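Asks: Give the three-dimensional model of this entry:
(one chain, ligands or ions: 1)
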Amino acid sequence: MLNRAPECASCGKEISGNDVVYVKLRYPKMKGFAEVKSYLRNEGEMLCETCQKSR
Ligand SMILES: [Zn+2]
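Replies: Predicted coordinates for the structure are as follows:
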């Protein structure tokens, strides 16, 4: 399963449940949310709300 918490690509803050995040990525050709989550970790650039607003 997913053990490592995702981090903001800009400030490194850990993203936890219920946080608002922004992800920039190519839309994956996948079925199933579990695959999408691992795709996000590998391909997506995740930003916390604070960093997204400051861009
Ligand atoms: Zn951040």
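Asks: Let me see the contact set for the closest residue to residue 16 other than its chain neighbours.
Replies: Closest residue to residue 16 apart from its sequence neighbours, by C-beta to C-beta, 6 or more residues apart in numbering: residue 5 at 6.6 Å. All C-beta spots, glycine's among them, are computed from the backbone N, C-alpha and C. By C-beta atoms under 8 Å, 6 or more residues apart in numbering, the contact list for residue 5 reads 14-16.
Asks: Next: residue 25.
Replies: 39-40, 43-45.
Asks: In terms of pLDDT, where does it sit?
Replies: With respect to pLDDT, residue 25 scores 78.
Asks: Next, please give the residue ranges for the helices of the chain.
Replies: Remark: helices assigned in the chain by DSSP state H are 33-43, 49-54.
Asks: least reliable of the ones you listed going by mean pLDDT?
Replies: Across those, the lowest-scoring stretch is helix 33-43, with a mean of 76.
Asks: re earlier: who wins for neighbours among the contacts of residue 5?
Replies: Scoring the contacts of residue 5 on neighbours with other C-beta atoms under 10 Å, the highest-scoring entry is residue 15 at 16 neighbours.
Asks: Would you confirm that that residue contacts residue 22?
Replies: No: judged on C-beta atoms under 8 Å, residue 15 makes no contact with residue 22 at a distance of 10.4 Å.
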